[in-house]
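Visitor: here is a sequence together with a model predicted from it:
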Amino acid sequence: MTDDPLRAVRLSVLDRSLIRQGEGADEALRATVRFAREIEALGYHRFWVSEHHGVPGVAGSAPTVLAAAVASATERIRVGTGGVMLPNHRPLVVAEQFGVLESLFPGRIDMGLGRSVGFTGAVRRALGAQKEDADRFGEDLAELLGWFAGDGARTAPGVRAVPSEGLRVPVFVLATGAGARLAAERGLPLVIAPVRGEERMLRAVGEYRSAFRPAPDAPDPYRRPYVVVSVSAAVGADAEEAEAMQVSEAWATVVSRTRGVFPPLLPPREVTGREMTGRERALFAEARRSQVHGTQEEVAAALSGLVRRSGADELLLTLNAYDHGLRLDSYRRLARLARLARLAGPARG
């Protein structure tokens, strides 16, 4: 085991398919597929896509469809969702979708699940979901797992989930609301981020580990608590370049908090050159608080410290820079830091 935490953990990537100013949703989706091939070539372990509905600045509204495109365009990297939001879907349909994915790309599919509902009332109505549906996440998760285990008849006698029944797709629970507790009770891996402060995240991780009860049929390495920490990280030729990579998404987050809509990403200069209100400045600082950026040495130190403090088994890295080339260069620098290398076959587990 290496003494360098960054080389001891798995490194993976989450791409939210954000739209840039002057770019269409179709271009953003094709960029995600292209980016997945580039990330695979750099030696990363997983590539996940996300689910957002009715958001002008996000093209990724159908994660299982996009995951299929990514898996088709790659050869060995694990592909999954970060995540599918169960309140928006019937568990049987989710089981069938992942059963199809696992059947087409055996041993490469991950099922990341969350409990969030639509961002606005209008979106929730269009989805046929309500805020309180998030409270059924535990029940929906149990039903979903039952379809894979062949217990679906308890929910709907005479119905079987084809081709999902009997397949083993690794399940990851996103730690929103009661997610950490449910992951522990079910013996499932936990995905968590320090978006509300690292101290709060570390408490949740500690509670998850204390309450963890291994699932009897869990494969390695998930027979013990498995923690994936998601973090936005940017590595630049210098600290200024790295910092600029993250301002576009931070500003889009401010707009979403103040105007109720997440817009396409603006070029960094348009963000840093604008006059912000006091509330906008506060929200901008808050959006940047959990972001890691700097030179290779600075980011290596920051991420290594995060791994040590959290005991993370894996880092799920995200970076939504306006410039696609700079974003790829950042991941290339991170790959060098961790000494990632291409593997001969599919990534397992």
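Guide: All right, it came through fine. Please read these numbers as outputs of a predicted model, since none were measured by experiment.

Visitor: packing partners for the top helix by length along the chain?
Guide: Criterion DSSP state H: the longest helix present in the chain is helix 25-42. Secondary-structure packing of helix 25-42 (3 or more C-beta pairs under 8 Å, 6 or more residues apart in numbering; DSSP states H and E): strand 10-15, strand 46-49, helix 63-73, helix 324-338. Bear in mind the C-beta positions are built from the backbone N, C-alpha and C, glycine included.

Visitor: reformat the ones you listed as JSON lines; add distance to Phe119 and mean neighbour count.
Guide: Below are the helices and strands packed on helix 25-42 laid out as JSON lines (distance: least, C-beta to C-beta, whole Å; neighbours: other C-beta atoms under 10 Å):
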{"stretch": "strand 10-15", "distance to Phe119": "18", "mean neighbour count": "24"}
{"stretch": "strand 46-49", "distance to Phe119": "18", "mean neighbour count": "27"}
{"stretch": "helix 63-73", "distance to Phe119": "16", "mean neighbour count": "20"}
{"stretch": "helix 324-338", "distance to Phe119": "24", "mean neighbour count": "18"}
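
Visitor: which stretch among those comes nearest Ala300?
Guide: helix 324-338 (5.0 Å; C-beta to C-beta).

Visitor: for the closest one, packing partners?
Guide: Right, helix 324-338 is packed against helix 5-8, strand 10-15, helix 25-42, strand 227-235, helix 239-245, helix 296-310 by 3+ C-beta pairs under 8 Å, 6+ apart.

Visitor: pLDDT of the first one, averaged?
Guide: Right, helix 5-8. Helix 5-8 shows a mean pLDDT of 88 in the predicted model.

Visitor: centre of the chain to it, how far?
Guide: 20 Å (C-alpha atoms, centre = their mean, to the nearest Å).

Visitor: again, but for the fourth one
Guide: Taking the mean of its C-alpha atoms, strand 227-235 sits 10 Å from the chain's own mean (C-alpha atoms, centre = their mean).

Visitor: quick check: angle from that strand to helix 324-338?
Guide: Interaxial angle of strand 227-235 relative to helix 324-338 (axes from the mean of the first three to the mean of the last three C-alpha atoms, to 10 degrees): 120 degrees.

Visitor: flag every buried residue along strand 227-235.
Guide: 227-235 (16 or more other C-beta atoms under 10 Å).

Visitor: again with the last one
Guide: When neighbours are counted by 16+ other C-beta under 10 Å, the buried residues of helix 296-310 are found to be 296, 299-300, 302-304, 306-307, 309-310.

Visitor: same deal with the fifth one?
Guide: Within helix 239-245, the residues scored as buried using 16+ other C-beta under 10 Å are 241-245.

Visitor: what does the shortest one give?
Guide: The neighbour-count check on helix 5-8 (16+ other C-beta under 10 Å) flags 5-7 as buried.

Visitor: show me what that helix is packed against.
Guide: helix 296-310, helix 324-338.

Visitor: pretty sure Arg7 contacts Ala338?
Guide: Yes. The pair Arg7 and Ala338 passes the contact test of C-beta atoms under 8 Å, sitting 5.4 Å apart.

Visitor: what ranges does the stretch 151-300 of the chain have for its helices?
Guide: 179-186, 198-211, 239-245, 247-259, 268-272, 278-289, 296-310 (DSSP state H, counting those that start in this stretch).

Visitor: which one is the spatially most central residue of the chain nearest to, not counting chain neighbours?
Guide: Closest to where the C-alpha atoms of the chain average out (C-alpha atoms, centre = their mean) is Gly82, at 3.4 Å. Spatial nearest neighbour of Gly82, excluding adjacent residues (C-beta to C-beta, 6 or more residues apart in numbering): Trp48 at 3.8 Å.

Visitor: so what pLDDT did that neighbour get?
Guide: 98.

Visitor: tell me the buried residues in the longest helix of the chain?
Guide: In helix 25-42, counting by 16+ other C-beta under 10 Å, buried: 25, 28-29, 31-33, 35-36, 38-40, 42.

Visitor: as a markdown table, the helices and strands packed on helix 25-42 with distance to Glu139 would be great.
Guide: Formatted as a markdown table, these follow (distance: least, C-beta to C-beta, whole Å):
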| stretch | distance to Glu139 |
| --- | --- |
| strand 10-15 | 27 |
| strand 46-49 | 25 |
| helix 63-73 | 21 |
| helix 324-338 | 38 |
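
Visitor: one step back: identify whichever of the helices and strands packed on helix 324-338 lies nearest to Pro263.
Guide: helix 25-42 (13.0 Å).

Visitor: tabulate the CA atom coordinates of that closest one in PDB.
Guide: Extracted in PDB, the C-alpha atoms of helix 25-42 (Å, rounded to 0.1, in the frame of the first residue of the first chain):
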ATOM      1  CA  ALA A  25     -27.900  20.400 -25.900                       C
ATOM      2  CA  ASP A  26     -26.900  18.100 -28.700                       C
ATOM      3  CA  GLU A  27     -23.400  19.400 -28.700                       C
ATOM      4  CA  ALA A  28     -23.200  19.000 -24.900                       C
ATOM      5  CA  LEU A  29     -24.300  15.400 -25.100                       C
ATOM      6  CA  ARG A  30     -21.800  14.500 -27.900                       C
ATOM      7  CA  ALA A  31     -19.100  16.200 -25.800                       C
ATOM      8  CA  THR A  32     -20.000  13.900 -22.900                       C
ATOM      9  CA  VAL A  33     -19.500  10.800 -25.000                       C
ATOM     10  CA  ARG A  34     -16.300  12.100 -26.400                       C
ATOM     11  CA  PHE A  35     -15.100  13.100 -23.000                       C
ATOM     12  CA  ALA A  36     -15.800   9.600 -21.700                       C
ATOM     13  CA  ARG A  37     -13.500   8.100 -24.300                       C
ATOM     14  CA  GLU A  38     -10.800  10.600 -23.300                       C
ATOM     15  CA  ILE A  39     -11.200   9.800 -19.600                       C
ATOM     16  CA  GLU A  40     -11.000   6.100 -20.300                       C
ATOM     17  CA  ALA A  41      -7.700   6.600 -22.100                       C
ATOM     18  CA  LEU A  42      -6.300   8.400 -19.000                       C
END
